[in-house]
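S.K.: Test case, fold it:
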Amino acid sequence: MADRLLVFDMDGVLVDVSESYREGIRQTVRYFTGREITPVYIQDLKNDGGWNNDWALSHQIIGDFGVKVDYATVVAYFQSIFFGDDSDGLVLREKWIAVPGLLEDLGLRYRLSLFTGRLREEAQVTLDRFATHLKFDPVICSDDVTRGKPHPEGLLKIAGGIPYAELWYVGDTVDDARCAKAADARFIGIAAPGSPRRAELSALLASEGAIAVLDDINQINSVLPS
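M.R.: Numbering: from 1, shown residues only. Sure thing, here's the model as predicted:
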């Protein structure tokens, strides 16, 4: 286990965020511009790369529609609907993707870790809801790096703590794939069947060096060494 390090992105890999972060982008853009955008519109931008930060993406879309809003104001609104009040935050719409027993089994063969573009506070809310029994060590969030994906800083921090480990990264965006490549990690892509632009995403992940592109995390044992 010590010489095999399996690192997961959270969003779109361990957690379905179509009704949290992706919906947060849609609602934020609507609030400031009155314009409706589709999941396909968002995915097209994600497939271009460089948009791992959903605050920055929301701010860019708002600006593209000709509305000038301070970045901090966009962030504040996004976070207000993401966390909500009591039981109405978008974060509570998230669904855990891994079937019971999958990660526990993987933990017997690999050291499990997380590298996510979430703030630690955001990641902890979801881990506390779904994964209190699981051990991810370390957990690297956006608070822990100075340069976000596709820069490999987060993966390199994880790898640096376990020298000479065989490093795998599981992600669902072109930025994840490029991050893995820059960190010299083996990359497994996720492109859910219901995802917008799935065919384009699968091809992009493969072109960036994915050893496999899976429908979801529950197929991972089909491509990992036994």
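
S.K.: any idea of the pLDDT on the residue lying farthest from the centre of the chain?
M.R.: Taking Cα atoms, centre = their mean as the measure, the residue most remote from the mean C-alpha position of the chain is Gly66, 28.5 Å away. On the pLDDT scale, Gly66 is placed at 98.

S.K.: Give me the number of neighbouring residues for Val99.
M.R.: For Val99, the tally of surrounding residues (other Cβ atoms under 10 Å) stands at 10. Glycine gets a C-beta too; all of them are placed from N, C-alpha and C.

S.K.: do the same with Leu102
M.R.: Counted with other Cβ under 10 Å, Leu102 comes out at 15.

S.K.: I'd like to know how far it sits from Ala191.
M.R.: Distance of Leu102 to Ala191, computed by Cβ to Cβ, to the nearest Å: 18 Å.

S.K.: On the three-state scheme, Val170 is what?
M.R.: Under DSSP: H, G, I helix; E, B strand; the rest coil, Val170 falls in the strand class.

S.K.: From what I see, it and Ile190 are in contact.
M.R.: Yes. Contact status for Val170 versus Ile190: in contact at 6.6 Å, counting by Cβ atoms under 8 Å.

S.K.: who's more crowded, the two?
M.R.: Ile190 (28 against 25).

S.K.: got a list of what the more buried one touches?
M.R.: Going by Cβ atoms under 8 Å, 6 or more residues apart in numbering, Ile190 touches 12-13, 170-172, 213-217.

S.K.: try Gly171
M.R.: Listed by Cβ under 8 Å, 6+ apart, the contact partners of Gly171 are 8-9, 12-13, 177, 179-180, 187-190.
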